[in-house]
Every structure is written in C-alpha cells, then in structure tokens.
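>>> What would the 3D arrangement of this be:
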Amino acid sequence: MTGQAKPNSISNILVVDDDPTSRLILKQILRKEGFLVITAENGRQARTLAEREQPDLIIMDIMMPEEDGLTACTTLKTNARTTNIPVIFISSAEDLKSKIDGFNAGGQDYITKPYQHQEVIARVRLHIRMYHTYTSMVAASLEQLKQLSQSQKNILVQPQDFPEANFSVFYLPAQAAGGDFYDVIHSGADIYDYLVADISGHSASTALPSAALKALVRQNVSMLYAPLENLNLVNQHLRPVLQEDQYATLIYARLNKSRMLLTLVNAGHPPAILQHANGKAQIVPQNGDGLGLYESVVLDVCEIPITQGSRIYLYSDGLIERDQNGPIPRRVGLENLLRLIEANAAQPLEALLQTIQNALFPGTNTLDDDAVLLGFEVL
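Numbering: from 1, shown residues only. Modelled structure (predicted):
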C-alpha cells in the first residue's frame, strides 16, 4: 500500500483491490486526470488508510482476502471518521443481488468490470463533487449557528403555520431561551416528521446547541434518509457544538399517512405515548443513547401500524418530573400524564393540551426545567 501528501486543492482517492494489475490500471487512469492515489490490498488495510489519510473517495473491489469490500464498507460507515467518505464498488459480479448488497453496505455507486475509463472518471468526479458539497454545507451551517443570537422560541413552528400536520403543542422554557425544542416537518407526500429534543442543562447556554440540533435534523430531512440515518448523521456533527459533558436526548416520529405507519426513533428520551381512537393510551417503551455522547450511538427504532383517530404525544422530561406542588418521581409524572390524556380524550387536541398545561403548571411560577408537550393526530 502506498500514500503521498495531499495538497488541499487536489482530491485524494483510495483504490482497494487484491489484484496488483487492477490497482495499477486504476491508479494510472486516476493520476492522468490529476488525482492523488493511495492503494490497499484488502478491506482491513483500506480501513486503516481511510481513517488516517481521509481520502475524498474510495474505489473498492468486493471479493478480496482477509476482509472483503462489503465488510470493509459496512465497518467504515460505523466509524465517525470515515462514515461520510463515498465508496464506489468495482466488481466483476453483474447480478442484481451483488449490486443491492453493495448499496446496503453503504456504497454510493457500483461499476461492473470490464469498465470504461471515461465512466470511471465521470462517476469519480460526480461523487467527489457531491461529497465536497455536503461537507461544505455542514461547515457553513455550523458557522451560521455559532453566530446565532435569536432565542430558541422564535424558530419554533406553530400549529397555525402548518395546519395540515394536525398538531398542537405547548412549550414552557425555564429560561428566556430554553434547551428543549420541538419541530414539525413535511418530509414527503403524506409524510410528516415530529420531534421533541432536550439539551442537557437548565441555563440559557443550551439555546445554541438546541438551534444547532434543529438545523442539523432539518438538513437531512427527506425521503432519501430514514429517521435513523438522519439521527446518525446528526450525531456526527453535533458533538463539536456541545459543551463538555453536554448531550441531547430526542424522540423522532415519522407518520406515513399513505401506509398508515408510525416510525419512532428514540435517542435516550422519555417514551412516546400512543392514544388509540377509543381513548385508551399506552406508553411505547424504547431505549437508546443520547446524541453527542459517543462517536457512534445505538438508537431504538420501532414501527407501529396506526389507525384513523389515533393521537401520539411527544414530550420532554420537564413535563413529568414535577406537578403543581413541585418535583415528583418521573414514574409518578408519567402516570399523571397518562391519566390526564385518557380522562380528556373526548376534547379536541388543542383543548386537551391546554387542560394538561393548566393541571400541571397552574399560575406563572418560574420553572426549574423546560417543558414541552406535542401531540398530533391521524385524521
């Protein structure tokens, strides 16, 4: 395997193939087009080089000794330092299964041998441009967030702004700019995303990370990314924004009205509550790591068939850790919330949330923690 210094303006490509002739041919093709090239003989060497050299692109054979290309790519995508590096598979296998396996392993493209030189160069340039565009967009977003001075509450969507999402919410910050936030996003035809998040800490210093988290989530919201993929990408870029020992919990709900399917992803957050059309409410138990704690996090995903008239409630821990008399155990607060939801099931959603707010937070006393309750219904 070989390596060389990389000027900032020149793209560096890692070629991985156990056949020396194939490596040499690809190296010559790429170098004639002005690319720097490093090479590896198997997937294990490729992973070591990719982490150290940070190439702009990896071209990888599938069938190799010691570690094949699919295994190497899958592992690269779980490493925070290499997960965003695009991978193009080059293989003699032309069957559909091999191609699907390559994409499922995290590859961005698949070229079959024998290949045309012009095709290789065209695809290499395309994926490097896309990679540079993505990384530049993330860097620009984070730079804008560093200059953010507006309060968190000013960037929260309101039900009247988005009536087709059929949601209602109340948000009570403990400070002028709180660490909790919610969002509602139209991510596809008849598909809506709802989320509630909580940045650890109870001071106004949580407002900037909250805004960063909101922007990062929205950056990848589309049908190109499943909620789990979105949050894994968010985790990679959130850590630089957080202060030491700071982290975020989040619950992410995607409602697909066409399929009548609810997808829930939990990142260390209090569980969602599902209320059936008959008024009966149940907790949806989930676990998961908080975002920003580790380079690679484990998140809990579940899919639930949904029916007309169902309601789903997402909330922050500030809602269930106190009542009108002060702090209470979380278990007790969750039981209180379930009881209030079921007892007022006949009310319109907006009225139900107002009833819960009046019951849990009467008066205008200063809160110890932010409190959010977001409910949405299937109509």
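>>> For the rest of this, base every contact and every neighbour count on C-alpha atoms.
OK.
>>> now the end-to-end length of stretch 89-109.
By CA to CA, to the nearest Å, the extent of stretch 89-109 from end to end equals 6 Å.
>>> Any idea how far that stretch is from the middle of the chain?
24 Å (CA atoms, centre = their mean, to the nearest Å).
>>> Quick check, central residue of this structure?
The chain has Leu231 as the residue nearest its centroid, 1.5 Å off, counting by CA atoms, centre = their mean.
>>> what about Glu53, how many neighbours?
Residues within reach of Glu53, counting by other CA atoms under 10 Å, total 18.
>>> Phi, psi for the closest residue to Thr82 other than its chain neighbours please.
Nearest non-adjacent residue to Thr82, counting by CA to CA, 6 or more residues apart in numbering: Leu76, 5.5 Å away. With angles defined as degrees, to the nearest 10, Leu76 sits at phi -60, psi -40.
>>> Quick check: pLDDT value at the nearest residue to Phe103 once chain neighbours are set aside.
Distances taken as CA to CA, 6+ apart put Asp109 closest to Phe103, at 7.2 Å, once the chain neighbours are dropped. You'll see Asp109 listed with a pLDDT of 91.
>>> And for Gly178?
48.
>>> Same question for Leu142.
58.
>>> burial of the residue nearest to Thr82, as a residue count?
Neighbours of Leu76 using other CA under 10 Å come to 24.
>>> re the thing from before, can you name the residues bridging to the residue nearest to Phe103?
Ile88 (DSSP bridges).
>>> give the contact list for the closest residue in space to Tyr110 that isn't next to it in sequence.
The spatially closest residue to Tyr110, leaving aside those adjacent along the chain, is Phe89, at 4.7 Å (CA to CA, 6+ apart). Applying CA atoms under 8 Å, 6 or more residues apart in numbering to Phe89 gives the contacts Ile59, Met60, Asp61, Ile62, Gly69, Gly102, Gly107, Asp109, Tyr110, Ile111.
>>> ok so, going back, doesn't Thr83 make contact with the residue nearest to Thr82?
Yes. Using CA atoms under 8 Å, Leu76 is in contact with Thr83, at 5.6 Å.
>>> Quick one: neighbours of the residue nearest to Phe103, just the number.
17.
>>> Is it in contact with Ile88, as I believe?
Yes. With contact defined as CA under 8 Å, Asp109 reaches Ile88; the gap is 4.7 Å.
>>> what helices or strands is the longest helix anywhere in the chain leaning on?
Criterion DSSP state H: the longest helix present in the chain is helix 117-146. Secondary-structure packing of helix 117-146 (3 or more CA pairs under 8 Å, 6 or more residues apart in numbering; DSSP states H and E): strand 57-61, helix 207-219.
>>> That one to helix 207-219, inter-axis angle?
150 degrees (axes from the mean of the first three to the mean of the last three CA atoms, to 10 degrees).
>>> Given whatever helix or strand comes next after helix 117-146, what are its sheet partners and their directions?
With elements assigned by DSSP states H and E, the helix or strand that comes after helix 117-146 is strand 167-172. Here strand 167-172 has these sheet partners by DSSP bridges: strand 371-377 (antiparallel).
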